[in-house]
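1. Next comes the sequence, and after it the predicted model I'd like to discuss.
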Amino acid sequence: MLTMNDSAAPARALGRLPALLRYWRWRYGLTGALPGLALAVLGFALSLPWSLAPAAALALLGLTLGRHFAGLRFAHYRAELHEGEGLVLYSGVWWRSEVWVPTARLQHLDVSQGPLDRRWGMATLSLHTAGSHDNHTRIDGLPLAEAHALREHLLPRQALQHE
């Protein structure tokens, strides 16, 4: 039995767009800044002018840490296609994970785009599998054309295996 490390064909890394890093920086930066912004609003509502400086410092610290976390997450996030075997998704900053999705277990694949994804030409490929506790895996930040091509590449194999 072949394992993913014994395969004759080398793994092909799937593309990820720098726009994914930009999206994650906005997302985690704003999320990190929310406590400071909430403290500023609360201080303003309660007429506590002395609370604005700590609130601004907290918001700036949250923004900085959120943007740093986004960079770390992007550095550790990647996906590989092992021809004829399946896909591997690597992710995590503190708790790292390696999710192996065998081609034989694929039931259906979805390509989706949110408003920011459309703006930056990104797409998410959702892999739905059978017989697993992780029955839904997402690969974020793929170029739209690559997400569609990968979906089309995996669908014919899936149809043959189920007939």
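-> Received the coordinates, thanks. Numbering: from 1, shown residues only.

2. any idea which element residue 116 lies in?
-> In this structure, residue 116 sits in helix 115-120 according to DSSP states H and E.

3. so for stretch 20-32, what's the average pLDDT?
-> Across stretch 20-32, pLDDT averages out at 94.

4. Equivalent analysis for stretch 58-78, please.
-> So the average pLDDT for stretch 58-78 ends up being 95.

5. Which residues are in contact with residue 63?
-> Neighbouring residues of residue 63 by C-beta atoms under 8 Å, 6 or more residues apart in numbering: 29, 30, 32, 33. (C-beta placed from N, C-alpha, C; glycine too.)

6. hmm, back to that, buried ones in the helix holding residue 116?
-> Neighbour-count burial for helix 115-120 flags 117, 120 (criterion: 16 or more other C-beta atoms under 10 Å).

7. what about that helix, average pLDDT?
-> pLDDT averaged over helix 115-120 gives 91.

8. C-terminal to it, which secondary structure element comes first?
-> That would be, after helix 115-120 and using DSSP H and E, strand 122-129.

9. what comes up buried for that next one?
-> Buried-residue list, strand 122-129, by 16+ other C-beta under 10 Å: 122, 123, 124, 125, 126, 127, 129.

10. okay, now the domains of the protein?
-> Segmentation of the chain into domains, based on automatic domain parsing, reads 20-73, 77-162.

11. nearest to residue 12, of these?
-> Set against residue 12 and scored by C-beta to C-beta, the domains of the chain come closest in domain 77-162, at 4.7 Å.

12. re earlier: could you export the helix holding residue 116 as PDB, CA atoms only?
-> Only the C-alpha atoms of helix 115-120 are listed here, as PDB (Å, rounded to 0.1, in the frame of the first residue of the first chain):
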ATOM      1  CA  PRO A 115     -17.400  40.000  -1.700                       C
ATOM      2  CA  LEU A 116     -13.800  40.400  -0.800                       C
ATOM      3  CA  ASP A 117     -12.800  37.200  -2.500                       C
ATOM      4  CA  ARG A 118     -14.400  38.500  -5.700                       C
ATOM      5  CA  ARG A 119     -12.600  41.900  -5.300                       C
ATOM      6  CA  TRP A 120      -9.200  40.200  -5.000                       C
END
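
13. let's number from 5 now, not from 1
-> Shifting the count to begin at 5 puts that one at helix 119-124.

14. Contacts for it next, please.
-> Residues from elsewhere that reach helix 119-124 (C-beta under 8 Å, 6+ apart): 21, 23, 26, 27, 126, 127, 128.

15. so can I have TSV of those residues showing distance to residue 80?
-> TSV is the format used below for the contacts of helix 119-124 (distance: C-beta to C-beta, whole Å):
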residue	distance to residue 80
21	16
23	18
26	17
27	16
126	18
127	21
128	18
